[in-house]
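Student: Sequence and predicted structure below; questions after.
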Amino acid sequence: MIAYRSYGKGKVAYIGINPSKDWSNMHYSSSFPIFWSQLVEYVNQKPTSVKALNYRTGEYLVLEKELEVSKPSGLKTTARSVFLDRVGFYAIATENGNEFIAVNLISEDESDIRTILYEEEFVPSAESLEKTGREELFRYIIVIVLLFVLFETYIYRRRGLL
């Protein structure tokens with residue numbers, strides 16, 4: 001059982017998992033840390049983030065209270081949780097007017113419309129140039145060390161120590 005609610009200025013999630021191995025072995029599962037990571041990410045997301053306003057088909061939308069929801073098909077329903085079964089915009093009637101959420105099949109990265117800085121627009125800073133110089137120096141040092149190790153291996157084989 002999972003319960004989630006806003007409480008004061010924060011958010012609370014209750015996970016009802018019996019730790020007994022007779023009831024569940026979820027805490028031994030490889031997906032257990034992934035579950036906690038996704039739960040913490042969900043609880044800490046901003047209400048206006050792309051992830052909060054975009055859902056995938058097949059998910060449930062859980063509302064604070066019973067509200068009227070208009071589905072993309074035109075069907076209106078009053079419920080506290082709605083199964084998002086169609087791609088499109090769902091209108092939720094609130095006291096402040098309609099709020100819209102998008103339901104789609106694509107990932108949140110594809111829905112991100114922030115400006116992308118292309119390489120030709122990039123102006124390198126002194127710090128990035130210095131870092132590039134260090135990286136090139138680092139490559140030369142690695143090559144010298146590898147040559148030294150190969151030379152030592154050759155010497156050891158020649159002496160018959162390897």
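Tutor: Received it, and whenever you're ready, just let me know what you need.
Student: So which bits of the longest strand anywhere in the chain are buried?
Tutor: Counting residues, the longest strand in the chain under DSSP state E turns out to be strand 60-70. Applying a neighbour-count criterion of 16 or more other Cβ atoms under 10 Å, one finds 61, 67, 69-70 buried in strand 60-70. Just so you know, the C-beta spots here come from the backbone N, C-alpha and C atoms, and that holds for glycine as well.
Student: Can you list the low-confidence ranges for the chain?
Tutor: Filtered on pLDDT under 70, the chain yields the residue ranges 45-53, 106-134, 162.
Student: Can you pull the domain assignment for it?
Tutor: 1-44, 51-114, 119-159 (automatic domain parsing).
Student: end-to-end on the first one?
Tutor: Translated: domain 1-44. Terminal residues of domain 1-44 lie 20 Å apart, using Cα to Cα, to the nearest Å.
Student: for that domain, the distance to its chain's centre please.
Tutor: Chain-centre distance of domain 1-44: 16 Å, with Cα atoms, centre = their mean, to the nearest Å.
Student: that older thread, buried deepest among the domains of the chain, which one?
Tutor: Comparing the domains of the chain by mean neighbour count (mean count of other Cβ atoms under 10 Å), domain 51-114 comes out on top with a mean of 13.
Student: Sheet-wise, list the partners of the longest strand of the chain with their directions.
Tutor: strand 76-83 (antiparallel), strand 88-94 (antiparallel) (DSSP bridges).
Student: Distance to residue 5 for these - can I get that in CSV?
Tutor: Shown next, in CSV, are these (distance: least, Cβ to Cβ, whole Å):
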stretch, distance to residue 5
strand 76-83, 13
strand 88-94, 18
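Student: Can you tell me which of these is nearest to residue 105?
Tutor: strand 88-94 (11.1 Å; Cβ to Cβ).
Student: So what touches that closest one?
Tutor: 61, 63, 67-73, 82, 84, 98-103 (Cβ atoms under 8 Å, 6 or more residues apart in numbering).
Student: circling back to that earlier point, identify the farthest-apart pair in the buried residues of strand 60-70.
Tutor: Largest pairwise distance in the buried residues of strand 60-70, by Cβ to Cβ, is 12.4 Å, between 61 and 70.
Student: Secondary structure element holding residue 141?
Tutor: In the assignment (DSSP states H and E), residue 141 maps to helix 126-159.
Student: any chance of the buried residues of strand 60-70 in JSON lines, with distance to residue 21 too?
Tutor: As requested, these are exported to JSON lines (distance: Cβ to Cβ, whole Å):
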{"residue": "61", "distance to residue 21": "34"}
{"residue": "67", "distance to residue 21": "41"}
{"residue": "69", "distance to residue 21": "41"}
{"residue": "70", "distance to residue 21": "46"}
